[in-house]
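In: just a sequence and a predicted model for now, questions to come.
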Amino acid sequence: MAEKLTIGKALTTGMRRALENDPKVVIMGEDVGKLGGVFRITDGLQKDFGEDRVIDTPLAESGIIGTAVGLAIRGYRPVCEIQFDGFVYPAYDQIVSQVAKMHFRSQGKVRLPIVIRIPFGGGIGAVEHHSESPEAYFAHTAGLKVVACSSPEDAHYMIQQAIASDDPIVFLEPKRRYWEKGDVELGLDLDSAYPLHASKTVRAGTDVTVLAYGPMVRTSLDAAAAAEEDGRSLEVIDLRTLSPLDLAPVYESVKRTGRCVVVHEAPSNVGLGAELAARITEECFYSLEAPVLRVTAPNTPYPAARVEEEYLPDLDRVLDAVDRTFGW
């Protein structure tokens, strides 16, 4: 039976189930215990599972990930919370130099089943270092897997699937969507849930393929609803997995529509949109009626909160890109 949950609560229930099912799962991060996290995603977990399994760490992201590496080598499954996206950079050396490489360095003998949870993206009126989109750094790093949830049902099952995986996974959570509600079919076996590393068509259409992930999925769906009033049918695909990319459904869609728009919050320069545009052009060149267009943030640092709405892609910018695809 489905239950209506927010994305935040769906993540909480997913982690609770993982803690119940495997005594080797531990959660660690700044304020994740007594406070329940700044977004209350781990609320109540320390009370129910104890301080040895839900661990309040010092304010030291490099130390959090370094400790997780040691725990993973000893057979644990650490789930590390990076409090905000812009705080991940002190841990970047550990993630790229150790987490991503250990399996290869050991010739496959050592696995690091670490999940690194990162609330990412803007739209919450926060100060500097609290609204970034660092996904391309990690998607570019061989040895890491990167996923982004966008709905409560995906959040609930993707976090469990990530924790159960033997690979290190950067798990991106759209912080401005934490409070959005949706139906979650609780109690499914993980093998019955939608696969972790698979994209999903969330709205069918015939005229333009719109690709998005994380917080921009809702923006793209809103744009598709608005475009329908003008007689245009947008197909929206939630990528869900950024490394590895699952592009077979994307290619099939683009070959039908002949047009593609990629939407993400991160700046355009060397972002996920560039990689997607290149691969789609290589695979679908003779089906394209227009170049693959990108709707992104400007190539500047994230601005002050009072102007972030001008910085972030919105419905109007997505629709403008759709209009431009028909101008070719």
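Out: Now that the structure is in, tell me what you want to look at. Since the structure is predicted, the reported quantities are computational estimates derived from the model, not experimental observations. Numbers count the residues shown, from 1 in each chain.
In: domains for the chain, by residue range?
Out: Residue ranges of the domains in the chain are recorded as 2-185, 200-325, according to automatic domain parsing.
In: can you add mean neighbour count and distance to residue 193 and give the ones you listed back as CSV?
Out: Yep, even glycine has a C-beta here, placed from its N, CA and C like the rest. Written out in CSV, the entries for the domains of the chain read as follows (neighbours: other C-beta atoms under 10 Å; distance: least, C-beta to C-beta, whole Å):
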stretch, mean neighbour count, distance to residue 193
domain 2-185, 20, 4
domain 200-325, 19, 12
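In: what ranges do the helices span in the stretch 1-150 of the chain?
Out: According to DSSP state H, counting those that start in this stretch, the stretch 1-150 of the chain carries its helices in the segments 7-21, 45-49, 61-73, 92-94, 102-105, 135-139.
In: what about residue 327, how many residues nearby?
Out: If you count neighbours by other C-beta atoms under 10 Å, residue 327 ends up with 6.
In: ok, it to residue 219 distance?
Out: In this structure, residue 327 lies at 22 Å from residue 219, with C-beta to C-beta, to the nearest Å as the measure.
In: can you tell me the centre-most residue of the chain?
Out: Of all residues in the chain, the one closest to the mean position by C-alpha atoms, centre = their mean is residue 148, 1.6 Å from it.
In: adding mean pLDDT, write the domains of the chain out as JSON lines.
Out: What follows is those, written out as JSON lines (pLDDT from 0 to 100):
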{"stretch": "domain 2-185", "mean pLDDT": "97"}
{"stretch": "domain 200-325", "mean pLDDT": "97"}
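In: how about those in a markdown table, adding distance to residue 191?
Out: Supplementary listing: the domains of the chain in a markdown table, determined by distance: least, C-beta to C-beta, whole Å:
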| stretch | distance to residue 191 |
| --- | --- |
| domain 2-185 | 10 |
| domain 200-325 | 17 |
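In: and the gap between residue 9 and residue 85?
Out: As for residue 9, its distance to residue 85 is 21 Å (criterion: C-beta to C-beta).
In: swap in residue 115?
Out: When C-beta to C-beta is the yardstick, residue 115 and residue 85 sit 16 Å from each other.
In: repeat that for residue 169.
Out: With C-beta to C-beta as the criterion, residue 169 and residue 85 are 16 Å apart.
In: do the same with residue 68
Out: Note on residue 68: its distance to residue 85, by C-beta to C-beta, is 18 Å.
In: residue 79 too?
Out: 17 Å.
In: also residue 290?
Out: As for residue 290, its distance to residue 85 is 32 Å (criterion: C-beta to C-beta).
In: kindly report the same for residue 181.
Out: To residue 85, residue 181 is 23 Å away according to C-beta to C-beta.
In: kindly report the same for residue 156.
Out: 22 Å.
In: now do the same contact list for the closest residue in space to residue 93 that isn't next to it in sequence.
Out: Closest residue in space to residue 93, ignoring its immediate chain neighbours: residue 62 at 6.7 Å, by C-beta to C-beta, 6 or more residues apart in numbering. With contacts taken as C-beta atoms under 8 Å, 6 or more residues apart in numbering, residue 62 has the following neighbours: 90-91, 93-94.
In: if we go to 6 Å?
Out: Applying C-beta atoms under 6 Å, 6 or more residues apart in numbering to residue 62 gives the contacts 90-91, 94.
In: what do you get for residue 57?
Out: With C-beta under 6 Å, 6+ apart as the criterion, the residues that contact residue 57 are 28-30, 64.
In: please redo it, this time with the cut-off set to 10 Å
Out: For residue 57, the contacting residues are 28-33, 63-64, 67-68, 80-81, taking C-beta atoms under 10 Å, 6 or more residues apart in numbering as the criterion.
In: ranges for the strands of the stretch 51-200 of the chain?
Out: With DSSP state E, counting those that start in this stretch as the definition, the stretch 51-200 of the chain shows strands at residue ranges 54-56, 77-81, 115-120, 145-148, 169-174, 181-185, 200-203.
In: make a markdown table out of the ones you listed and add distance to residue 316.
Out: Putting the strands of the stretch 51-200 of the chain into a markdown table (distance: least, C-beta to C-beta, whole Å) gives the following:
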| stretch | distance to residue 316 |
| --- | --- |
| strand 54-56 | 43 |
| strand 77-81 | 34 |
| strand 115-120 | 23 |
| strand 145-148 | 23 |
| strand 169-174 | 20 |
| strand 181-185 | 25 |
| strand 200-203 | 18 |
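In: wait, which of those strands is closest to residue 296?
Out: Residue 296 sits nearest to strand 115-120 of all these, at 14.4 Å, using C-beta to C-beta.
In: which helices and strands does that closest one pack with?
Out: Contact partners of strand 115-120 among helices and strands, from 3 or more C-beta pairs under 10 Å, 6 or more residues apart in numbering; DSSP states H and E: helix 7-21, strand 25-29, helix 61-73, strand 77-81, helix 135-139, strand 145-148, helix 152-164, strand 169-174.
In: try it again at 7 Å.
Out: When contacts are defined as 3 or more C-beta pairs under 7 Å, 6 or more residues apart in numbering; DSSP states H and E, strand 115-120 packs onto strand 77-81, strand 169-174.
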